[in-house]
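A.B. asks: Fold the following.
(one chain, ligands or ions: 1)
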Amino acid sequence: MAEKRNAYVFLEQNEFERTRLNNQFWFYHKHINLDRFIHDERLSLPSNTVILESGAGTGIWSLELAKTVPASVTIDAIDISSKFFPPPSRVPSNVHFFQDSILLLPREWTSRFDFASQKLLSTALTNSEWRLAISEFYRVIKPGGHVQLMDFIWDQWTLSRGPANDYFRVVFRELCQKHNLIPNVTTELPKLLEKVGFIDIRVESRPTPVGFDLGPEGEKGTRITKDGVTSLKPAVLKLGIVSSEKEYDDHILSIEEEWMKGLGGQFTMFCVIYAQKSV
Ligand SMILES: C[S@@+](CC[C@H](N)C(=O)[O-])C[C@H]1O[C@@H](n2cnc3c(N)ncnc32)[C@H](O)[C@@H]1O
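C.D. replies: Got it, this is the predicted structure:
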């Protein structure tokens, strides 16, 4: 199937990215979503629930969710690119993958979903695209249904408590500005959600451990964070603020040395934002 447009604003869609997304899934599921697919503990979804996952990537959230719900629950997973979709043999009959954009979902999906989830599109959606995405969520969610957005907060990205962090702070700020991304989803998305009519909007920011001295979870966080900054490399080189690939690699080495020295920490860079469409 032909791709509709570049799936990412700047990340590369390659095998490294597919593995990175799958490797980080359970770590963020544990630390940010507290092991819950549906973050809002007050929600109990009926057995005929229809769920949307937007920006599904490798589909890991939808496939794992399907293992925890009755087969009568329908899960529609969309992504603008089908490149990372799982092979049909791994997809249960109540899960459906569609190549679609959250900026323009099928017309016939109006009021189709009881619950919609989207994770980690802060690198993929520009400021104006977020506006469209939120209105599309509102259109396709049933009255009384819920939306859940898990994402990272560009302007709170902290990788270490040492001086190497300053360089990455500049990189994140420049990337955000150049690509017109939302620097802080915790302040901007609630406004957009409210504007289209969502109610009971809640924001929860959660820390993740990064650093070799923070036990096995800190080690996982370190590897995942390193893969995250590595995935940004092509975009950073295009920014023109580093003279060579080696210079960027050296900055990654410096941050790794700080992680070894115990300068990591519990950094609050991610959040879950959830809300209800009024009845
Ligand atoms: C960083 S990945 C996150 C994937 C997945 N949500 C996860 O947590 O592993 C961002 C995903 O958003 C998808 N994407 C980008 N723009 C999109 C759009 N307009 N509509 C739907 N998906 C989009 C990309 O193709 C990519 O799969």
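A.B. asks: going forward, measure contacts and count neighbours with C-alpha atoms only.
C.D. replies: OK.
A.B. asks: Any buried residues in the helix or strand of the chain with the lowest mean pLDDT, and which?
C.D. replies: The weakest-scoring helix or strand in the chain, judged by mean pLDDT, DSSP states H and E, is helix 233-239 (a mean of 87). Within helix 233-239, the residues scored as buried using 16 or more other CA atoms under 10 Å are 233, 236.
A.B. asks: go on, stretch 191-210?
C.D. replies: Quick answer for stretch 191-210 (16+ other CA under 10 Å): 192-194, 196, 198-199, 201, 203, 205-206, 208-210.
A.B. asks: show me where the stretch 151-279 of the chain has strands.
C.D. replies: Counting by DSSP state E, counting those that start in this stretch, the segments of the stretch 151-279 of the chain that form strands are 198-210, 265-277.
A.B. asks: Helix, strand, or coil at R42?
C.D. replies: coil (DSSP: H, G, I helix; E, B strand; the rest coil).
A.B. asks: What about it, how many residues nearby?
C.D. replies: For R42, the neighbour count with other CA atoms under 10 Å is 7.
A.B. asks: how close does it sit to D155?
C.D. replies: Per CA to CA, to the nearest Å, R42 is found 30 Å from D155.
A.B. asks: In TSV: the buried residues of stretch 191-210, plus pLDDT and distance to R169.
C.D. replies: Putting the buried residues of stretch 191-210 into TSV (pLDDT from 0 to 100; distance: CA to CA, whole Å) gives the following:
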residue	pLDDT	distance to R169
L192	98	26
L193	98	28
E194	98	30
V196	98	32
F198	98	33
I199	98	33
I201	98	29
V203	98	23
S205	96	19
R206	93	19
T208	97	17
P209	97	18
V210	96	16
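A.B. asks: Quick check: the farthest pair among these?
C.D. replies: Greatest spatial distance among the buried residues of stretch 191-210 (CA to CA): V196 and V210, at 36.5 Å.
A.B. asks: Q118 looks like it's in a strand, true?
C.D. replies: Yes - applying three-state DSSP, one finds Q118 inside a strand.
A.B. asks: ok, back up a step: can you tell me which of the strands of the stretch 151-279 of the chain comes nearest to N14?
C.D. replies: strand 265-277 (24.0 Å).
A.B. asks: Tell me the strands beside that closest one, with direction?
C.D. replies: Strand 265-277 sits in its sheet next to strand 141-152 (antiparallel), strand 198-210 (antiparallel), going by DSSP bridges.
A.B. asks: Would you format these as CSV with distance to P183 included?
C.D. replies: Listed next are these as CSV, based on distance: least, CA to CA, whole Å:
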stretch, distance to P183
strand 141-152, 9
strand 198-210, 15
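A.B. asks: Can you check which of those strands gets nearest to the ligand?
C.D. replies: The closest of the strands paired with strand 265-277 to the ligand is strand 141-152. By CA to the nearest ligand atom, the value is 8.3 Å.
A.B. asks: Dump the strands of the stretch 151-279 of the chain to JSON lines, plus distance to the ligand.
C.D. replies: Conversion of these to JSON lines gives the following (distance: least, CA to the nearest ligand atom, whole Å):
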{"stretch": "strand 198-210", "distance to the ligand": "16"}
{"stretch": "strand 265-277", "distance to the ligand": "12"}
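A.B. asks: Nearest approach to E257 belongs to which of the ones you listed?
C.D. replies: That would be strand 198-210 among the strands of the stretch 151-279 of the chain, by CA to CA, at 12.6 Å.
A.B. asks: Give me the distance from that closest one to the chain's centre.
C.D. replies: Counting by CA atoms, centre = their mean, to the nearest Å, strand 198-210 is centred 13 Å from the centre of its parent chain.
A.B. asks: repeat for stretch 195-204
C.D. replies: Distance of stretch 195-204 from the chain centroid (CA atoms, centre = their mean) equals 18 Å.
A.B. asks: All further residue positions should be reported with the first residue as 36.
C.D. replies: Shifting the count to begin at 36 puts that one at stretch 230-239.
A.B. asks: Restrict that stretch to CA atoms and write it as CSV.
C.D. replies: Presented in CSV, the C-alpha positions along stretch 230-239 are these (Å, rounded to 0.1, in the frame of the first residue of the first chain):
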residue,chain,number,x,y,z
LYS,A,230,-12.0,23.6,23.4
VAL,A,231,-13.6,20.8,21.3
GLY,A,232,-15.8,19.8,24.2
PHE,A,233,-14.1,17.1,26.3
ILE,A,234,-14.8,17.2,30.0
ASP,A,235,-13.2,15.9,33.2
ILE,A,236,-9.7,16.4,31.8
ARG,A,237,-6.9,14.9,33.9
VAL,A,238,-3.2,15.1,33.6
GLU,A,239,-0.7,12.8,35.4
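A.B. asks: Many thanks, have a good one.
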